[in-house]
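Undergrad: Attaching a predicted model along with its sequence, questions to come.
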Amino acid sequence: MNRQWRIVLALLAIAVVVLSACTAPAAPAAPAGEAGSEAAASGEAMAGDKVLRVNLGTFPDILDPQKSSFVNEIANLKMVYEGLTRQDGELATVPAAAESWAYNDDATALTFTLRDGLLYGDGSPLNAERFAYSIRRNIDPATAGEYASITDEILGAPEWRGCGEDAAACEAAAAQVMESVKASHADGTACTGYDDAECNTLTLTFSRPAPYFHVVSSLWVTFPAKEELITAGGENWWLDAANHIGNGPFVIDTLEQGVQALYTPNANYWGDVPQVSVDFAFITDSAVAFEAYKNNEFDIIGLSAEDLEVVQADPVLSQEANIYPGSCTFAVMFHQLKEPFTDPKVREGFARALDREGWVTDVLRGLGSPTLTWIPPGFPGYDGEESRWGFDPEAAKQAIADSSYGSVENLPPITMTFSDTPRNRTRNEWLAAKFKEVLGVDATLDPVESTTYTALTKDINTAPQMFILGWCADYPDPQNWLSVYWKTGAFGERIGYSNPELDDLLVQADTELDPAKRAELYADAQRLLTDGVPVAFMWNNVNSYLVKPWVSGIVQTPQDSGWPGDIAPWTIDIDTAAQSQ
Amino acid sequence: MIPVLLLVALITFTLMHQAPGGPWDRDPSRRQVDASTQEALNKKFGLDKPLFVNIEGGNPLDSQFFTYVGNAIQGDLGPSYRQRGRDVQDILFEPPKGKAIWDSRFGYSMRLGLLALILAALLGIPLGILAALRRNTIFDYSALFVSTIGISVPSFVLAIFLIIILAGQLNLIKIIQRDWSSPGAWLVPAVVLGFGTFAYITRLTRNSMLEVMGQDYVRTAKAKGLGGRVIITRHMLRNALIPVMTIMGPALAGLITGSFIIETMFGFPGSGREYVTAIGNRDYSMIMGTTLIYALLIVLANLTVDIMYGFLDPRIKVK
């Protein structure tokens, strides 16, 4: 017996030795638990003493301003880089790298004037030629960025992007874009290169009036990553933190794949220099992130629906919950070319059968807000007055009775297609139950794999008869909500939506220079869109985070990318005494 | 070995292209990649070529499948469609600048997997032996109890349980590791990763020991008057460990390729999550690459086990 135990103990000892040999080629052995704090301490030493620890979820697949497209990627890019303009806490577009901008008389050209003495994080000068490079690189078919089409207003951009094999066409379109995206001195004379300190003017020429383009110019696709670093680094230049020399409020300190991205304040930033460093971690499991937050290892994490009840029941955590409107609107989409939703009365019947309040309480557990309109609250163009097609069981039944089908029995079979996750199952079961309860319709559930769902819903021919889908803003302007989505041939085409009257109105709005008149035209357009009940507007998402009480000065907006406060990180401060307790 | 890998490649390739959607599909509630950009991307990555055989003239082997196989043989697993600018072999095997191959994604997973397997074997085999020797005692029941838990409790439950106990309650570890070069950080992920295998090894060792204990040659050895230890180590163990060895190979291949659960829960920078996310992302070359690497490891592990049999039992010869 004793001898056997000795063997076991000996084996255990071997295990411990193997364990340390196996894991740490060179690192000094440290007791578990101290390693993390040591790393944090070294980060703190570099950054003053204030480090904001944020869980960002998924590590970026790509950190290239002209190729990235996901929220977690943009959150990282926004630390190091800054566009020509940016949004403030009210989502108004304000000067950033450009101190001012002006449109020509018909808004077919936009001229930015850059701030004097702009510097990159490494102290090197930043001039208009850098921005010209970035915008051209975004259009260049060789880049083939996911958001390349967002600058299509620029004269020659769609032609260059789509020039394909035709070398002559490519060359001509590229030359056109070189002219349409032009850096110059204030007096209009040509710049001499990236070192030309007087090169402070950037002129964009459009193929059509685009009085909203200064808003687009805040997007990450204009972020001025350095050409020489991109060229030298090749396709994966962005992997190396040393290549991310930017003009944003932070400089990158550490970029470790899947583990950490640490940003320290950029002393060369033109504006207020941030007071804290920001340390992103990438824990995708919300339960683990929640435990780490409770264990004071994070200052900010996303609050998931699963943890909401626990948080609300807890006297301390409930005070730290931070729930505010998001940037998306979701709707039950009806395919306008598939029976029975070809009939507006049927669409009206289904739209009025939906109890949005109940949906938000029962299904979303409060993480959402009901809506009857397209543009979400907090965004320019929100219509708080819209009250049509809300929940009304009697009116719902009446609408079906008034439809060309006459009664529910005559409706063809109704199928609801969704991406097969437990959450979506609950959602669609709830919808089906509502349709049954209010209208007496038996809807069939059709779950499909998630990428299959995406593929199906993209195409007018394969888009299902009825499904839940939404739109999340690229930038805060009604043009992005209405023209980009509902114009004939745009994203709304997937459900066969086409309304020439709306198209005309949107063209007017898109080209109107007077802001007040423009806003009015978009408001009219949104009402016109709702007239025909193309879809049943359902809910707006919310941003939900847990934020420790020692973090102050967070400016939050519906457009936040990945964490609250990213729109003005320089106002954030930390009470380190409370944090370290 | 080569035909097995080719067959795996063919089946995987066919299945993944049968699934609707492609690598440029995005969250349907956001801006989609524009059609002409998609065309440019397809061209850039060769996705505009026919899938299997080029019947449009030219070289019939100028197809996606044969191009892939041809490149894969030369060690080029193709560009990832999601992590653009990087090749699959770079994502998996290339260490960060200035570090050794052990610090690559695969290196991390391999070290953790090895550690987990060593822990599982070093604890599981002795526990199984002791449980068999002390059959129907409280020790045996305890061992069985632990191993039943190990087999039935999913690793994500064990992971969150350990995190809550060790970090939340006892404050022994940090939940969020920012420095994986310290050995302490590896212990909990390794325990979670290896626990199921440990439980399986324990049960298997116990069962095969019990089977061996009833054999004639053990009785003969006892009759010869040999000591208990000699019988256990020389006569019983060598035979009892054969089934255990058999499962060690595939277990090793499974453990060292990484675990999605471990990586999402501990933020461990391994290669396991690629196996899962690549499928949803339709990152075709990543799906092919990870599947082929897994298949290759399984084949190699089984080969190694076959050779090991020879040492444990001289009657088994590798031909």
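TA: Done, it's in.
Undergrad: Indicate the residue of the stretch 51-200 of chain B located nearest to chain A.
TA: B:G184 (2.9 Å; C-beta to the nearest C-beta). The C-beta positions use only the backbone N, C-alpha and C, and glycine is treated the same way.
Undergrad: Surely that residue touches B:Q177?
TA: No - look at B:G184 against B:Q177 with C-beta atoms under 8 Å: they stay out of range, at 9.3 Å.
Undergrad: And these two? Which one has more around it.
TA: The neighbour count for B:G184 versus B:Q177, taken as other C-beta atoms under 10 Å in any protein chain shown, is higher for B:Q177 (27 against 23).
Undergrad: what's the spacing between the more buried one and B:V191?
TA: 14 Å (C-beta to C-beta, to the nearest Å).
Undergrad: Likewise for B:P250?
TA: 21 Å.
Undergrad: Between those two, tell me which one has more neighbours.
TA: Neighbours per residue (other C-beta under 10 Å) separate B:P250 from B:V191, with B:V191 holding more: 19 against 14.
Undergrad: which residues of chain B score low on pLDDT?
TA: The model of chain B has pLDDT under 70 over residues B:57, B:316-319.
Undergrad: middle-most residue in it, spatially?
TA: Taking C-alpha atoms, centre = their mean, the centroid of chain B lies closest to B:G254, which sits 1.9 Å from it.
Undergrad: what's near enough to touch residue 193?
TA: All of this refers to chain A. Counting by C-beta atoms under 8 Å, 6 or more residues apart in numbering or on different chains, A:G193 touches A:E129.
Undergrad: looking at chain B here, not the other one
TA: Per C-beta under 8 Å, 6+ apart, neighbours of B:L193: B:112-113, B:116, B:155, B:255, B:259, B:262.
Undergrad: What of B:D87?
TA: Here B:D87 is in contact with B:76-80 (C-beta under 8 Å, 6+ apart).
Undergrad: Among the residues you listed, which one has the most neighbours?
TA: B:S80 (27 neighbours).
Undergrad: Distance check, it against A:A353.
TA: Distance from B:S80 to A:A353, by C-beta to C-beta: 45 Å.
Undergrad: Then A:D514?
TA: A:D514 is 41 Å from A:A353, by C-beta to C-beta.
Undergrad: Just want to know which of those two has more residues nearby.
TA: Taking other C-beta under 10 Å, A:D514 and A:A353 do not tie; A:A353 has more neighbours (25 against 10).
Undergrad: Now for the residue lying closest to A:P478 once chain neighbours are set aside, how many residues are close by?
TA: Spatially, and ignoring its direct neighbours in sequence, A:P478 is nearest to A:G381 (3.4 Å; C-beta to C-beta, 6 or more residues apart in numbering or on different chains). For A:G381, the count of nearby residues is 22 (other C-beta under 10 Å).
Undergrad: which residues touch A:G381?
TA: A:G381 neighbours (C-beta under 8 Å, 6+ apart): A:375, A:477-478, A:481-482, A:519, A:522-523, A:526.
Undergrad: Could you say which helix or strand holds B:G280?
TA: helix B:272-281 (DSSP states H and E).
Undergrad: Which elements pack onto that helix?
TA: helix A:450-458, helix B:260-266, helix B:284-312 (3 or more C-beta pairs under 8 Å, 6 or more residues apart in numbering or on different chains; DSSP states H and E).
Undergrad: That helix: which residues count as buried?
TA: Neighbour counts over helix B:272-281 (16 or more other C-beta atoms under 10 Å in any protein chain shown) mark B:272-279, B:281 as buried.
Undergrad: between the residues you listed, which is nearest A:T254?
TA: Checking the buried residues of helix B:272-281 against A:T254 with C-beta to C-beta, the nearest one is B:R273 at 20.6 Å.
Undergrad: Quick one: residues contacting the closest one.
TA: B:258, B:260, B:263-264.
Undergrad: Would you list the phi and psi of residue 182?
TA: I'll assume chain A. phi -130, psi 120 (degrees, to the nearest 10).
Undergrad: re the thing from before, and which of the contacts of B:R273 is nearest A:D88?
TA: Distances from A:D88 to the contacts of B:R273, taken by C-beta to C-beta, are shortest for B:T264, at 35.7 Å.
Undergrad: check contacts around the closest one.
TA: A:283-285, A:288, B:273.
Undergrad: could I get those as JSON lines with distance to B:Q169 and secondary structure?
TA: Output for the contacts of B:T264, formatted as JSON lines (distance: C-beta to C-beta, whole Å; DSSP: H, G, I helix; E, B strand; the rest coil):
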{"residue": "A:I283", "distance to B:Q169": "19", "secondary structure": "coil"}
{"residue": "A:T284", "distance to B:Q169": "24", "secondary structure": "coil"}
{"residue": "A:D285", "distance to B:Q169": "19", "secondary structure": "coil"}
{"residue": "A:V288", "distance to B:Q169": "15", "secondary structure": "helix"}
{"residue": "B:R273", "distance to B:Q169": "28", "secondary structure": "helix"}
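Undergrad: Scan those and report the most crowded one.
TA: A:I283 (26 neighbours).
Undergrad: now that residue: how far from B:R105?
TA: For A:I283, the distance to B:R105 - C-beta to C-beta - is 17 Å.
Undergrad: With adjacent residues omitted, what lies nearest to the residue of the stretch 201-319 of chain B found nearest chain A?
TA: Taking C-beta to the nearest C-beta as the measure, the stretch 201-319 of chain B has B:P269 as its residue closest to chain A, at 3.9 Å. The spatially closest residue to B:P269, leaving aside those adjacent along the chain, is A:G258, at 3.9 Å (C-beta to C-beta, 6+ apart).
Undergrad: what number of residues lie near that neighbour?
TA: 20.
Undergrad: One more: B:G70?
TA: 11.
Undergrad: Once you drop chain neighbours, what's closest to A:V54?
TA: Nearest non-adjacent residue to A:V54 (C-beta to C-beta, 6+ apart): A:I300, at 4.6 Å.
Undergrad: Dump the contacts of B:D87 into JSON lines; add secondary structure and distance to A:T415 as well.
TA: Shown next, in JSON lines, are the contacts of B:D87 (DSSP: H, G, I helix; E, B strand; the rest coil; distance: C-beta to C-beta, whole Å):
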{"residue": "B:D76", "secondary structure": "coil", "distance to A:T415": "44"}
{"residue": "B:L77", "secondary structure": "coil", "distance to A:T415": "40"}
{"residue": "B:G78", "secondary structure": "coil", "distance to A:T415": "38"}
{"residue": "B:P79", "secondary structure": "strand", "distance to A:T415": "38"}
{"residue": "B:S80", "secondary structure": "coil", "distance to A:T415": "35"}
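Undergrad: Out of these, which is nearest to B:R86?
TA: When the contacts of B:D87 are compared for distance to B:R86 (C-beta to C-beta), B:S80 wins out at 5.4 Å.
Undergrad: Next, the contact list for the closest one, please.
TA: By C-beta under 8 Å, 6+ apart, the contact set of B:S80 is B:86-88, B:91, B:283, B:285-286.
Undergrad: Greatest separation within the residues you listed: which pair is it?
TA: Farthest pair in these, by C-beta to C-beta: B:D87 and B:D283, 12.0 Å.
Undergrad: how about the residues of the stretch 151-300 of chain B near chain A?
TA: B:156, B:159-160, B:163-164, B:167-168, B:171-187, B:190, B:229, B:263-269, B:280-282 (C-beta under 8 Å from any C-beta of the partner chain).
Undergrad: Which among those residues count as buried?
TA: B:156, B:159-160, B:163-164, B:167-168, B:173-187, B:190, B:263-269, B:281-282.
Undergrad: State the phi and psi torsions of the residue nearest the centre of chain A.
TA: Nearest to the mean C-alpha position of chain A, by C-alpha atoms, centre = their mean, lies A:V71 at 4.5 Å. As for A:V71, its main-chain torsions (degrees, to the nearest 10) stand at phi -60, psi -40.
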